[in-house]
Every structure is written in structure tokens, then in C-alpha cells.
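Undergrad: Next comes the sequence, and after it the predicted model I'd like to discuss.
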Amino acid sequence: MEAWHAACVADSPCPRMVHAHLHRATFHRRLGAGLWVLLLMVSAPLARAFDTVVLDAGHGDFDRGAAIGYVYEKHLALDTARRVQQLLEKAGLNVVMTRSRDVFVPLPGRASAGNKHGNAIFVSIHYNYSRGGGGAGAESYYYHSKGYALAAYIQAYLVQRTGMSNRGVKHASFHVIRETTRNPAVLIECGFVSNSTERARMMTGDFRNRIAEGIAQGIVSYKKSN
Ligand SMILES: [Zn+2]
């Protein structure tokens, strides 16, 4: 996540923290497929029982998020969250949306929704941006260690379902996942608005459906692993 975009979802990280995160990202990129599976197996007992999923569509109203022309992250994130909501409800889970229309919800309000319910998980949905348009692929973030397994499951299924390149599971101090302390909390970046190829795909309902299926499958598999 570029600093420009990170500023809208996170407190500004100091350069030293950014450096540490880059190191970690490199480490995850070097992990082979076999190690990924092993990590999932090892992390499986860390999954916890839950019956409620708090879905957080990033940005809203005057906060457009990443934007190129008329393609706004706030719209993509809300549409994707709605699709995930339908899939999870079909799977028998309760879903709470931090926003279900184009309104601005301050970051503390989103985190308090993540902390309100017991037996819940918190999933924040975003699309990415990089200056120059060079970034590509999906990445999943956690802050507290109890969010790691959830991030790993969603990342694995999201990449498998969409064919997007795997930017890995990363640690970062974004407000909503740092301040959601009661439950496992993750932030998912579903590809780059700034990448013309990815933007063209994410503008189709078919591709956003695939993204939603990947996220929902990751959540359901994480639940089953418990
Ligand atoms: Zn965002």
C-alpha cells in the first residue's frame, strides 16, 4: 500500500516501520506454495469460533479512496462488500455492515463495530493504489497476531479464485485493524485501481463476484478449520 493511500486508512507510519514491513513483505513473497499450506495447517488451531462477520467497506461519501477518472475505490469496496455479505448469509453467517450505502463512517466508528459483537471477525475491504500504476495483485493485512490466520485464509482463496498475483500476508498498523482488539481483524486490498489492466477487470461485476467468492470462501474455510 502506497503512503498516499495508506494515509486515508492509517496513522502515518514512520519510515522505520515502513522499512520493517517491506522486509516482512519480501519474506512472505519468498515463501513457496508448500510453505503456505504448512502455515495454514499450523495456524488452523488458532482460528476461533464465530457466528458474525463485520464487513467494513472502505471510505465513502467525500472520501473516495483511490480514484482514477470516475472509478472510485469507495464504490468498488461497497459493491464487493455487498457481494460478500450475500455469500456469507447464504452460508448461514450473520453479517454486520459498517456502511451499506455511500456514507462516510469515521475510522473509530468502524473499529467500534469490530469490537461490539463477541464471537465475531472483522474484515475491511479496500482497493489499492500506487503512483505510476506499477503495482499489481492482492494483499491481506493483519495487526494483532490473532488476525494472522484469517488473513492467510482469505489471501490464499482470493488469489486462487481471481488469479491475481500474490503480494502476500502483511503486518501493518492501519487504524481499523489495530483498534479492533476484541476479534480477529484483517484488511484486504483487492487489486490496484491505478493499474489499467486490473482496473478494467475490477470494473466488471463478474470479476468483483470472483473477488467476493474468494473472500467468502476464505472466511468459511477459516471457520471450518476451527
Ligand atoms: Zn482504501
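TA: Thanks, I have the structure now.
Undergrad: For the rest of this, base every contact and every neighbour count on C-alpha atoms.
TA: Will do.
Undergrad: what's the spacing between A57 and E73?
TA: Remark: distance between A57 and E73 (CA to CA, to the nearest Å) = 10 Å.
Undergrad: more crowded one of those two?
TA: A57 (29 against 26; other CA atoms under 10 Å).
Undergrad: Contacts only, for that one.
TA: Taking CA atoms under 8 Å, 6 or more residues apart in numbering as the contact definition, A57 lies against 74, 77-78, 80-81, 97-99, 124-126.
Undergrad: Mutual contacts of A57 and E73, please.
TA: H126.
Undergrad: Closest to I211 out of the contacts of A57?
TA: T80 (7.4 Å; CA to CA).
Undergrad: these two touch, right, that closest one and R210?
TA: No. The criterion here is CA atoms under 8 Å, and T80 misses it with R210 at 9.5 Å.
Undergrad: These two: which has the busier surroundings?
TA: Between T80 and R210, counting by other CA under 10 Å, T80 is the more crowded of the two (24 against 21).
Undergrad: In a helix, that one, correct?
TA: Yes. The assignment for T80 by DSSP: H, G, I helix; E, B strand; the rest coil puts it in a helix.
Undergrad: Would you mind giving the contacts of A57 as a markdown table with distance to I219 added?
TA: A markdown table is the format used below for the contacts of A57 (distance: CA to CA, whole Å):
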| residue | distance to I219 |
| --- | --- |
| K74 | 22 |
| A77 | 17 |
| L78 | 18 |
| T80 | 15 |
| A81 | 13 |
| M97 | 15 |
| T98 | 18 |
| R99 | 20 |
| S124 | 13 |
| I125 | 13 |
| H126 | 16 |
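Undergrad: Could you single out the nearest of these to S165?
TA: Using CA to CA, the contacts of A57 come closest to S165 at H126, 16.2 Å.
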